[in-house]
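>>> Compute the structure for the input listed below.
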Amino acid sequence: MPLDARVYLHDIRKACEAIQSFIVGKSYDDYKTDLLLRSAVERQLGIIGEALNQASKSQIDLPTKITDFRQVVDFRNLLIHAYTKVSAPMVWGMLEKDLPILRQEVEKLLADLE
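Numbering: from 1, shown residues only. Model (predicted):
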């Protein structure tokens, strides 16, 4: 894997770690009522989507190694270009269901490089 793809994978791992640190001990109600928390989480989700998109340009098989790759990248675009369609339940569901899977897959990809 080219160096630039690894850099993006590290960025994804850092963003996943940041999100997890933001929401530890938080509930959905905390999330939906805390603008700062929502903003921080959404910023990191945007980084994840953009980093995946950039990494896939140099690592062509990356989309086959990341569950719901296209949806993650598309969600970044939704956050940036159609933010009014983003809802708290949608994001919280992703945090609970999808983020742990993504982090695990990125960790595996990085481990395979070492």
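
>>> so who does the residue nearest the centre of the chain touch?
In the chain, the centroid-proximal residue (C-alpha atoms, centre = their mean) is residue 48; its distance is 3.7 Å. Contact analysis of residue 48 by C-beta atoms under 8 Å, 6 or more residues apart in numbering lists 12, 15, 16, 72, 76, 102. C-betas here are computed from N, CA, C, even on glycine.

>>> and what of residue 72?
Listed by C-beta under 8 Å, 6+ apart, the contact set of residue 72 reads 48, 49, 52, 66, 98, 102.

>>> which element is it on?
helix 69-81 (DSSP states H and E).

>>> so after that helix, what's the next helix or strand?
Remark: after helix 69-81, the chain's next helix or strand is helix 88-113, criterion DSSP H and E.

>>> other SSEs contacting that following helix?
Counting contacts by 3 or more C-beta pairs under 8 Å, 6 or more residues apart in numbering; DSSP states H and E, helix 88-113 is packed against helix 3-23, helix 28-33, helix 35-58, helix 62-65, helix 69-81.

>>> Reformat those as TSV; add mean pLDDT.
Output for these, formatted as TSV (pLDDT from 0 to 100):
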stretch	mean pLDDT
helix 3-23	94
helix 28-33	97
helix 35-58	96
helix 62-65	93
helix 69-81	95
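
>>> Residue 111: which of these is closest?
With C-beta to C-beta as the measure, helix 3-23 is the member of those nearest residue 111 (10.5 Å).

>>> Which residues does the closest one contact?
31, 37, 40-41, 44-45, 47-48, 51-52, 54-55, 58-59, 62, 95, 99, 102-103, 106-107, 109-110, 113.
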